[in-house]
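Colleague: sequence plus predicted model, see below.
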Amino acid sequence: MAPRTDFPPIRACLFDMDGLLLDTEDIYTLCINLILEKYGKSTLPWSIKAKLQGRPGPEANALFHEWAQLPVKESDYIEQLTALQKEHFKTAKPLPGVEKLLGDLGRTRWWDIKDEQGVRNGDKGESGGKKQQRVHIALATSSTTSNFMVKTSKWSELFSVFESHRRVLGDDKRIQPGRGKPLPDIYLLALKTINDSLNAGEKPITPEECLVFEDSVPGVEAGRRAGMRVVWCPHPMLKKEYEGREKEILAGRMGEAGDVDQHQLGEIDDGWAEYYPDLTNFPYEKYGIVVPPAEAELDAAMEVDTKDELVAEETKTTTT
């Protein structure tokens with residue numbers, strides 16, 4: 001089929017975290033392999049790891065145990081894995097291009113700031129006479145709250161770009177059990193958190209105005225099922241594992257959720273999803289995104305906004 005080319009500009013970017021923003025996938029593998037080695041098992045192959053990525057913990061653990069057949073109770077395995085993860089997740093760091101991408105998208109807040117006359121910066125025609133708009137962002141990760149805090153402990157300022165009410169984590173009670181990725185619920189909820197907090201009079205954002213950033217195959221399917229555009233930025237070994245099936249992945253047609261709601265899936269070469277080896281030099285113009293100049297960061301209103309978000313996050317952390 002001919003790929004669609006008449007997409008509206010992106011107004012919201014929704015991000016996975018593990019393996020997409022932070023280099024945690026190799027840490028996950030390290031921790032699992034240490035346990036497998038302890039019980040005389042072979043290391044975790046990418047054919048199995050690919051099925052675990054992006055899924056909620058209970059589902060991923062069930063798939064893992066079906067393959068590993070460890071001689072211990074699942075509860076004992078979880079206890080050992082949790083201890084290893086708490087130790088090693090502290091070393092997680094942003095993947096290439098992430099810091100600039102999040103910084104650029106965060107800077108689009110400047111378009112919404114008004115001057116003393118009440119005129120939005122985005123309405124002043126700074127860019128070719130065209131009105132510009134903020135790109136709202138939200139986090140949608142299968143990581144639980146406790147794991148999120150460990151993984152991001154050294155990167156609180158980087159993650160402050162995600163306002164606390166626009167973070168949907170793996171233990172969010174608003175997502176029903178069994179409705180994690182590859183089903184669309186987490187991304188639809190992430191969009192709802194944005195729409196529920198838009199400025200008065202701002203038109204609600206539709207799914208096709210959203211761009212999902214994912215590294216996992218189940219995550220791509222979740223984004224496609226949500227009716228959103230998708231950027232797939234996988235681990236090189238995952239890309240190698242599925243070599244030749246990239247088009248099926250981008251269409252969300254790898255059967256990760258079985259036969260559930262087939263009408264939600266995309267079509268091969270429909271233009272809704274694309275592969276990128278990493279997030280460096282992201283082509284904003286391709287998605288109708290305009291990033292304000294770097295000088296916008298010097299605007300006093302931007303500095304106050306950032307400080308308010310950091311204070312709010314630190315307060316939340318110390319009281320929970």
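Modeller: Cool, got the structure. Numbering: from 1, shown residues only.

Colleague: all helices of the stretch 101-250 of the chain, in order?
Modeller: Counting by DSSP state H, counting those that start in this stretch, the stretch 101-250 of the chain has helices at residues 145-151, 156-159, 185-195, 217-225, 236-241, 246-250.

Colleague: could you dump the ones you listed into JSON lines and include mean pLDDT and distance to Gly106?
Modeller: (C-beta placed from N, C-alpha, C; glycine too.) As requested, those are exported to JSON lines (pLDDT from 0 to 100; distance: least, CB to CB, whole Å):
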{"stretch": "helix 145-151", "mean pLDDT": "94", "distance to Gly106": "19"}
{"stretch": "helix 156-159", "mean pLDDT": "96", "distance to Gly106": "10"}
{"stretch": "helix 185-195", "mean pLDDT": "98", "distance to Gly106": "14"}
{"stretch": "helix 217-225", "mean pLDDT": "96", "distance to Gly106": "21"}
{"stretch": "helix 236-241", "mean pLDDT": "96", "distance to Gly106": "28"}
{"stretch": "helix 246-250", "mean pLDDT": "97", "distance to Gly106": "27"}
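
Colleague: against Pro204, how distant is the residue lying closest to Leu52 once chain neighbours are set aside?
Modeller: Excluding the flanking residues, the one nearest Leu52 by CB to CB, 6 or more residues apart in numbering is Ala60, at 4.4 Å. Distance, Ala60 to Pro204, by CB to CB, to the nearest Å: 33 Å.

Colleague: higher neighbour count, these two?
Modeller: Using other CB atoms under 10 Å as the criterion, Ala60 and Pro204 rank with Ala60 on top: 19 against 12.

Colleague: what mean pLDDT does the helix or strand hosting the more buried one get?
Modeller: Assigned by DSSP states H and E, Ala60 belongs to helix 57-68. Summarised as a single mean, pLDDT over helix 57-68 is 88.

Colleague: got the buried residues for the next helix or strand after that helix?
Modeller: Where DSSP H and E defines the elements, the next helix or strand beyond helix 57-68 is helix 74-88. For helix 74-88, burial by neighbour count (16 or more other CB atoms under 10 Å) applies to Tyr77, Gln80, Leu81, Leu84, Gln85, His88.

Colleague: which non-adjacent residue is nearest the first one?
Modeller: What that stands for is Tyr77. Per CB to CB, 6+ apart, closest to Tyr77 is Leu70, 5.8 Å.

Colleague: what's that neighbour in contact with, if anything?
Modeller: Taking CB atoms under 8 Å, 6 or more residues apart in numbering as the contact definition, Leu70 lies against Ile35, Leu36, Tyr39, Lys41, Tyr77.

Colleague: cool, and Phe64?
Modeller: Neighbours of Phe64 in contact, by CB under 8 Å, 6+ apart: Ile32, Ile48, Leu52.

Colleague: for Ala226, same thing?
Modeller: Counting by CB under 8 Å, 6+ apart, the residues that Ala226 touches are Pro184, Tyr187, Leu188, Leu191, Pro207, Cys210, Val212, Gln264.

Colleague: point out where the protein drops to low pLDDT.
Modeller: 1, 125-129, 304-320 (pLDDT under 70).

Colleague: mind splitting it into its structural domains?
Modeller: 12-23+93-318, 25-91 (automatic domain parsing).
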